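Undergrad: Just the structure for this:
(one chain, ligands or ions: 1)
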Amino acid sequence: DAVVHWFKMDLRTTDNRGLWEASEKARAADVPLICIYVVSPEDFEAHLTAPIRVDFTMRTLHALKKDLAALDIPLYVETVERRKDIPERIVEFMEEWGASHLYANIEYEVDELRREAKMVKMLAEKGLAMEVFHDTCVVPPGELHTGAGKQYAVYSPWYRSWVAHVHANQELLSPFDPPAKNSSAAREKVAALFDCDIPDAPESKRLSEKDAKRFRATWPAGEREAMDRLEKFCEEKIAQYSKRRNFPAEGATSSISVHLAAGTLSARMAIRTARDRNKTKKLDAGIEGIQTWISEVAWRDFYKHVLVHWPYVCMNKPFKPEYSNIEWSYNSAHFEAWCNGRTGFPIVDAAMRQVKSMGYMHNRCRMIVASFLCKDLLLDWRMGERFFMENLIDGDFASNNGGWGFSASVGVDPQPYFRIFNPLLQSEKFDSEGDYIRKWVPELREISGKAIHDPYHRGAGSLAKKAGYPEPIADHKNSRDRALKAYKAGIERD
Ligand code: FAD
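TA: Model prediction:
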């Protein structure tokens, strides 16, 4: 007999609810705990997972295997080519090892929920059991509702309710212990699994050696690294977070999104660690930087709750259905310029080059480039959403979809479509000295003063041209008018 924990986006031993529950079950029954992870190339394709994110996952698996081995728990990793074969393969694996119970944490995306439902049925037919747990959010979806019993569609009241719920249920922030060590008899029974190698990343998602080396130095993997990053941020930056977080040149944010996405860190742990540094146990009191940061981490919960309550957002549909009929421009040259950071808008280009170079982009810049794509270029927000998933190391469906919905004014946000970011003003406000632009757009490094924000209209055109920097592909005022007309017409067409 044995108990299996199926790892997905929860690649850690610490504070992992499903893993802890599996361990308790195995301990009580005095049977081995086995862990499994399935690499599915088709799943990576279907989810548009960025090669940098796949690489991060594979490196994390190596670290996780080691951590589990120290507890005499094997981590078995296998490639299953087609995603529809995963449930069958896991059932087969359980039968091979005589396992009676499968444990896992829930993933809320539609395909994943369907797959889980299928697995429960398949296992039940064989007399086996599957137990699934809420783990990824601090407050499980479904717990919060308005006075009228509905899901919140606006963040602020949702957040007030989220805070009140956590205050009333402090155990939501309590950590789960790492799994207990397998007994030596249990280890003996599954000894063969310790010798299995972790497969390579699927070929279609493999990084070039050069990129791999660079990314590995920037983004070390594993749960210890996640904790170190979090502790360091809390030690050095969180107090200033509310004042500094919007300035992309400053590195004032935590960059733990990569760990939350892979599950090398739990959201519980993030919030708890921040709270414990505060002078109060309240999430909405005390040091301002800590309060603000906690409210940002909560956005992640919010978008997952939205996904659960309005699952059609997983199907390429805007949250606001009345925005389904906007006539986008589909100008492929514009899209290419945006993807390659060659729009002639320095702040946009800097941000797009940052994502190409690091697999990461600062939140303010995500908003700027997203707004620029949908409003200034009138390109379908789904093209940008897709590009982000294909390039981000922290690509997460719910947060990405939510962020794009917000920026394109088609999502869960009361922000009306006629509030349009001016990329130039954003640049002047949030990168006033142009440090972020100079870091990522080397062609503009020689340009001094305010001309950095718009060289062709501020007397630095010849310098920019000589350096090979493109002229702006759009005129903000005209683009703004065009976007307003297109959005209005789209709604009227509905
Ligand atoms: P910090 O400022 O340190 O915040 C801490 C954590 O809070 C983040 O790691 C993240 O988990 C959460 N958080 C902060 N802001 C948001 C937000 N607006 N929405 C949801 N969660 C938030 N985040 C992703 O994790 N994956 C994505 O694929 C993603 N795509 C985005 C696309 C667009 C168009 C926009 C506007 C935002 C997107 N975000 C996404 C949200 C946000 O930009 C990142 O979470 C943040 O930049 C990560 O950096 P950080 O860890 O330093 O954040």
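Undergrad: now for stretch 391-401, what's the gap between its first and last residues?
TA: Using C-alpha to C-alpha, to the nearest Å, one end of stretch 391-401 lies 14 Å from the other.
Undergrad: nearest residue to the residue of the stretch 351-494 of the chain found nearest the ligand other than its sequence neighbours?
TA: As assessed by C-beta to the nearest ligand atom, the ligand sits closest to Gly403 within the stretch 351-494 of the chain, at 2.4 Å. (Each C-beta comes from the backbone N, C-alpha and C, glycine too.) The spatial neighbour of Gly403 that comes closest, neighbours along the chain excluded (C-beta to C-beta, 6 or more residues apart in numbering), is Arg366 at 6.0 Å.
Undergrad: So for that neighbour, what's the pLDDT?
TA: Note for Arg366: predicted pLDDT of 98.
Undergrad: for the chain, which residue is closest to the average position?
TA: Of all residues in the chain, the one closest to the mean position by C-alpha atoms, centre = their mean is Asp396, 3.1 Å from it.
Undergrad: Could you check how far Glu88 is from Ile294?
TA: 42 Å (C-beta to C-beta, to the nearest Å).
Undergrad: Which parts of the stretch 1-150 of the chain are helices?
TA: 17-29, 41-46, 51-69, 86-96, 110-125 (DSSP state H, counting those that start in this stretch).
Undergrad: can I get the ones you listed in CSV with mean pLDDT?
TA: Converted to CSV, those look like this (pLDDT from 0 to 100):
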stretch, mean pLDDT
helix 17-29, 97
helix 41-46, 94
helix 51-69, 97
helix 86-96, 95
helix 110-125, 93
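Undergrad: between these, which gets nearest to Cys196?
TA: The closest of these to Cys196 is helix 51-69. By C-beta to C-beta, the value is 9.3 Å.
Undergrad: can you count the residues close to Pro174?
TA: If you look again at residue 174, you'll see it is Ser, not Pro. Ser174: 10 surrounding residues under other C-beta atoms under 10 Å.
Undergrad: Distance check, the nearest residue to it once chain neighbours are set aside against Tyr155.
TA: The spatially closest residue to Ser174, leaving aside those adjacent along the chain, is Arg268, at 7.7 Å (C-beta to C-beta, 6+ apart). Distance, Arg268 to Tyr155, by C-beta to C-beta: 20 Å.
Undergrad: can you check Phe388 too?
TA: In this view, Phe388 and Tyr155 are 20 Å apart by C-beta to C-beta.
Undergrad: who's more crowded, these two?
TA: Set Phe388 next to Tyr155 and count neighbours by other C-beta under 10 Å: Phe388 wins out with 24 against 20.
Undergrad: which ones are touching the more buried one?
TA: 355, 366, 395, 400, 404 (C-beta atoms under 8 Å, 6 or more residues apart in numbering).
Undergrad: Now the first one: closest residue in space that isn't a chain neighbour?
TA: In this structure, Val355 finds its nearest non-sequential neighbour in Met361, 4.4 Å apart by C-beta to C-beta, 6+ apart.
Undergrad: which ones are touching Tyr436?
TA: 247-249, 347, 350, 362, 365.
Undergrad: Can you verify Glu322 is assigned to a helix?
TA: Yes - according to DSSP: H, G, I helix; E, B strand; the rest coil, Glu322 belongs to a helix.
Undergrad: Count the residues that sit near it.
TA: Glu322 has 13 neighbours, counted by other C-beta under 10 Å.
Undergrad: from memory it sits against Lys488, does it?
TA: No - assessed by C-beta atoms under 8 Å, Glu322 is found out of contact with Lys488, at 11.3 Å.
Undergrad: OK, contacts around Asn316?
TA: Asn316 is in contact with Arg382, counting by C-beta under 8 Å, 6+ apart.
Undergrad: Over to it: give its phi and psi.
TA: The phi/psi pair for Asn316 (degrees, to the nearest 10) reads phi 70, psi 20.
Undergrad: For whichever residue of the stretch 101-250 of the chain sits closest to the ligand, the count of nearby residues, please.
TA: Ranked by C-beta to the nearest ligand atom, the top residue of the stretch 101-250 of the chain for proximity to the ligand is Arg245, at 5.6 Å. Arg245 has 21 neighbouring residues, counting by other C-beta under 10 Å.
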